[in-house]
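# Based on what follows, work out the 3D shape:
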Amino acid sequence: MAFLLDLPDSAVPNKSEVKAKLLEHITKNNMAPYYSDLAERFKWKVDTELLGKLKASISEKDKEFDHKLADAEEQLGESEVRDLMEARADFLCLAGEKDRALSAYRETAEKTVGLGGKIDIVFKQIRVGFFYNDLDIIRRNIEKANALIDQGGDWDRRNRLKVYEGVHFMLIRDFKRAADKLLDTVA
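As a prediction, the model looks like this:
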């Protein structure tokens, strides 16, 4: 929704409604870093009370994950620990903690045994890149995904990778290659 706020007022006459919905989503998902980024980008007056509440909620949930991970490492197996690590990375991603989420995804990938699981983690990193329009993250992770797919990815993951590549090509304005990749997924 943030991209709508970048458009001229004539294209989006209800920007205040868009901002309200965006802030509702930010509050619901405790997206403190994302709120800070948007406030800077759109020159909003920062609601310090809201920001403090969002940061406190993230910190509390982070401590919960620390406790669960410590408990899982003592009492449960490797797959349960890995699942908790992935859940933490997903939470950080949803909260808008881009760098911490990417780091957590990389740590989770190191603990992941199966090829399919590793590919799925790389796909999550690609989606983070799409959200932040970070072409470097997208490109590097598409390269990783291609290498993993070449080692034995299944049909579904190969098709998803083609879609991600197609979207990447659209972002860099290479519409011919984007069309080829996207058409290849339906052929």
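
# which secondary structure element contains the residue nearest the centre of the chain?
With distances taken as CA atoms, centre = their mean, the residue of the chain nearest its centroid is residue 128 (2.9 Å). Using DSSP states H and E, residue 128 sits within helix 115-132.

# Quick check: next helix or strand after that helix?
Taking DSSP H and E, what comes next after helix 115-132 is helix 135-150.

# Can you give me the buried ones in that next one?
Within helix 135-150, the residues scored as buried using 16 or more other CB atoms under 10 Å are 137-138, 141-142, 144-145, 148-149. C-beta here means a position set from N, CA and C on the backbone, and glycine is covered the same way.

# From the contact counts, what lies against that helix?
helix 115-132, helix 155-171 (3 or more CB pairs under 8 Å, 6 or more residues apart in numbering; DSSP states H and E).

# Give me whichever of these is most buried.
helix 115-132 (a mean of 20; mean count of other CB atoms under 10 Å).

# State the distance from residue 115 to residue 178.
27 Å (CB to CB, to the nearest Å).

# give the contact list for the residue lying closest to residue 31 once chain neighbours are set aside.
Excluding its sequence neighbours, the residue lying closest to residue 31 (CB to CB, 6 or more residues apart in numbering) is residue 96, at 4.1 Å. Going by CB atoms under 8 Å, 6 or more residues apart in numbering, residue 96 touches 26, 29, 31-35, 37.

# Can you list which of the residues you listed are found in helices?
26, 32-35, 37 (DSSP state H).

# Among those, which one sits closest to residue 64?
residue 32 (16.4 Å; CB to CB).

# centre of the chain versus the helix holding residue 128, how much separation?
8 Å (CA atoms, centre = their mean, to the nearest Å).
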